[in-house]
Structure formats: structure tokens, C-alpha cells
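# Starting from these lines, generate the structure:
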Amino acid sequence: AAALSQVWSVQGGDVNFLQYCIDVCTALEITAQVIQKNQKDTVARLYNCFARAHQILGNHKKAFEYFNKSISINPYSSTAYLGRGIAEIKLNNYKDALSDLYKCIEIQPTQAEPYYWIGVIRNDYLNDHKEAITAFEKCLTFLGENNIELKAFANYGIASAYYHQKQYENTISWSKEAIRCFSGFSSSFYLIGLAELQLQNITNACEAFNTADKLGVNCKKLIKEYCSEETH
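Next up is the predicted model:
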């Protein structure tokens, strides 16, 4: 633990790097168990661990390969199907990703995260916004109270799907739900701005764009075009 803390401080406190270190340490621990016991289930967990480490590093093809190995040993691992589904999204294999995510749900029906990624696929890549909303809502149904980050993203997903359907009041409402989960959710403020603009509520739109811009979304062009000096 002390060594991890020291490495983390050298990396500037990067959370992803810390998670990678943790995953590597976990993998080494499981490797020792494999050597001692040679248990198939433990080997599958080892492959999942390696796959997760590669996902954190952005090596999605490698992650896919390790999740494949895990599933070949344990075809009932919801973790592996979820991980492989996410890897397939990153590799633009949306049909296969959906298949894996639904398989994950078949194994563990009350798991929230696969529903979130199903929503992402349907909303962002398949233009199936109605089904995307259904998936995001199911994600929220199964979420625990402590998973605030995923709750924020699911709320934002619903807001985005409503925006694509030109239901701007719903867009604003669900974006605000996302902001209640995470007050610095810049994309939600940006989406509110776009929806308010469509509703001709220029003052509200400018307020949202200014907030989004301060939080990191570049809205300067929109602010220059629509917002008066008094507004910003």
C-alpha cells in the first residue's frame, strides 16, 4: 500500500493510474493463487483482471482478447460479458456489443451497468432514442444509492435522447437531474443551453452556456452569437 501511494504521488494523483496499479497487483495476487491451486475459475478472474487493466490503458483490442479467454473458461461470467461488450463498443462492433450486454443481463438481471451501455449504443450510434431511454431508465432502477457517477451519466443519457427527439422540456429536466448528482457536469449545462435555445429562452441558454464554458466545454462561439454583453 505504501509503495502504491508513493507511485501515485509521482503520477500526480492520477486516479486511472492508481486503478491500473491496483488491477496489476490484484492480477499478481491471483496469479499466485493459480500457481498454487490451478483453479479454472481463478484463471478466468485473472484474465478479467488483465482485460480491465488494458481497458484502463485504452488497449481495447487486448481487453477484448482477454475477456474472450475468460469467457472460454467460464461462460457464465457476467463481468466478462460486460467488459467484452464495452470493448466492442470502443471497437465499433455495436451488434456484438449488444449481444454481450444482453447476455450479461441474462446472467445477472439486476445489474445496472449493462443497461447503461445498451442505452449509449442505441442513443449515440443506432439513433434508436426511444429504446435508449428505456435502457437508461432500467439502469437507474437497478442502481444503488452509492453509484452517483453512473446515475449522473444515465440521467444525462436520457436528456440526450430526449434532445434528439426534440422534446426540449424533458431534455432540461433530465439534465438538471444529472447536475443534481454532479454539480460540475459540464455537458449537462451545455445540453440545457441547446434546449433552451430551441425554446427561444435566450437568457436561460446563455446562463447555461456560460456555466458550461467555465466548466470546460468550449461554448465561446455560441456565447458570441447569442449572448449579449450583459448576459456574460
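
# how about residue 148, what does it touch?
The contact partners of residue 148, taken as CB atoms under 8 Å, 6 or more residues apart in numbering, are 181-182. (Each C-beta comes from the backbone N, C-alpha and C, glycine too.)

# if we go to 10 Å?
180-182 (CB atoms under 10 Å, 6 or more residues apart in numbering).

# Throw these into CSV and include pLDDT, thanks.
As requested, the contacts of residue 148 are exported to CSV (pLDDT from 0 to 100):
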residue, pLDDT
180, 96
181, 94
182, 94
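
# Which one of those is nearest to residue 195?
Set against residue 195, the nearest of those by CB to CB is residue 180 (16.7 Å).

# Ramachandran coordinates for that closest one?
Dihedral angles of residue 180 (phi, psi; degrees, to the nearest 10) stand at phi -60, psi -30.

# Check residue 148 and give its pLDDT.
At residue 148, the model reports a pLDDT of 93.

# if we can go back for a sec, and the contacts of residue 148, which of them are buried?
Listed as buried from these are 181-182; burial here means 16 or more other CB atoms under 10 Å.

# ok, so of the contacts of residue 148, who is nearest residue 129?
Distances from residue 129 to those, taken as CB to CB, are shortest for residue 181 (21.3 Å).

# The closest one contacts residue 145, doesn't it?
No: at 11.2 Å, residue 181 and residue 145 do not qualify as touching, with contact defined as CB atoms under 10 Å.

# Give me the common contacts of these two.
residue 151.

# Reformat the contacts of residue 148 into TSV and put distance to residue 226 next to each item.
Below are the contacts of residue 148 laid out as TSV (distance: CB to CB, whole Å):
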residue	distance to residue 226
180	26
181	28
182	26
